[in-house]
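>>> My questions are about this predicted structure, shown below with the sequence.
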Amino acid sequence: MTEIARRGLMLVLSSPSGAGKTTLSRRLLESDSGLSLSVSMTTRPKRAGERDGVDYVFVDGERFDTAVRNGELLEHATVFEHRYGTPKAPVTEVLARGRDVLFDIDWQGTQQLREKARDDLVSIFVLPPSHAELERRLKARAQDSDEIVANRMAKASDEISHWAEYDYVIVNDNLDRALANIAAIVEAERLKRTRQIGLSQFVRGLQDG
């Protein structure tokens, strides 16, 4: 197989809570060995089954403030009264090796990444098939109280309003189909001429015989 050096890309999946981006992210990581997950830092409490350093880096407000102050985060935002941010060092290291990084972040973080690394960013917004289905999925998770579910539904309209700021939009009415669409987007973006930094050298070799 011919290997041509390329820059790693930053793949963002965003959606309102319950639209399926976490499940899609997990399935994508399982099926694509070239992707690494960016583990976000957060001040929210750990949920049952979550592991520190794997699902999130769990910190208190003071540690988060220090990370912001010292420029340790690529982006950060407040969502449902908790703070989230992307540590810069591990992302930079993975991209430098020509690998791709998957981000499970919201529209606020995506805007900040676009300002800092537009050429490396590929953004996908995942929509639910309907308002009723989104509410059903949130309730089916059985992780949050009725009050929190209601707050998430109220927030969903605002989050969905940012769909046009993304490169691609997918309606998650069928998980397998949505996953296949995302995989196709990733493969096409990897093949972009501007992202294949070793292409010029490869072509010169072809021309020189």
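Received it, and whenever you're ready, just let me know what you need.

>>> Output the lowest mean pLDDT helix or strand found in this protein.
In the chain, the helix or strand scored least confidently by mean pLDDT, DSSP states H and E is helix 131-141, which has a mean of 76.

>>> Which neighbouring elements make contact with that one?
For helix 131-141, the packing partners by 3 or more Cβ pairs under 8 Å, 6 or more residues apart in numbering; DSSP states H and E come out as helix 146-160. Any C-beta I mention is one placed from the backbone N, CA and C, and that applies to glycine too.

>>> The helix it packs on: which residues count as buried?
Across helix 146-160, burial judged by 16 or more other Cβ atoms under 10 Å covers 149, 152-153, 156, 159-160.

>>> Would you mind putting those residues into TSV with pLDDT and distance to D176 alongside?
Supplementary listing: these in TSV, determined by pLDDT from 0 to 100; distance: Cβ to Cβ, whole Å:
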residue	pLDDT	distance to D176
V149	72	26
R152	77	25
M153	80	26
A156	85	24
E159	90	24
I160	90	23
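
>>> can you map out the helices along this protein?
Assigned by DSSP state H, the helices in the chain fall at 21-31, 61-69, 88-96, 107-117, 131-141, 146-160, 175-190, 199-208.

>>> picking up where we left off before, looking at the buried residues of helix 146-160, which is nearest A89?
E159 (28.4 Å; Cβ to Cβ).

>>> my guess is that closest one contacts I105, does it?
No: taking contacts as Cβ atoms under 8 Å, E159 lies outside contact range of I105: 11.7 Å.

>>> Spit out the residues that contact those two alike.
Common contact partners of E159 and I105 (Cβ atoms under 8 Å, 6 or more residues apart in numbering): S14.

>>> hmm, back to that, ranking the helices of the chain by mean pLDDT, which is last?
Among the helices of the chain, helix 131-141 carries the lowest mean pLDDT, a mean of 76.

>>> Phi, psi for S161 please.
Backbone torsions of S161, given as degrees, to the nearest 10, read phi -60, psi -10.

>>> quick one, what contacts it?
No contacts exist for S161 under Cβ under 8 Å, 6+ apart.

>>> Without its sequence neighbours, what residue ends up closest to K139?
V149 (5.9 Å; Cβ to Cβ, 6 or more residues apart in numbering).

>>> Go ahead and confirm that neighbour touches L138.
Yes: when contacts are counted by Cβ under 8 Å, V149 is listed as touching L138 (4.8 Å).

>>> re earlier: and L11, which of the helices of the chain is closest to it?
helix 175-190 (6.3 Å).
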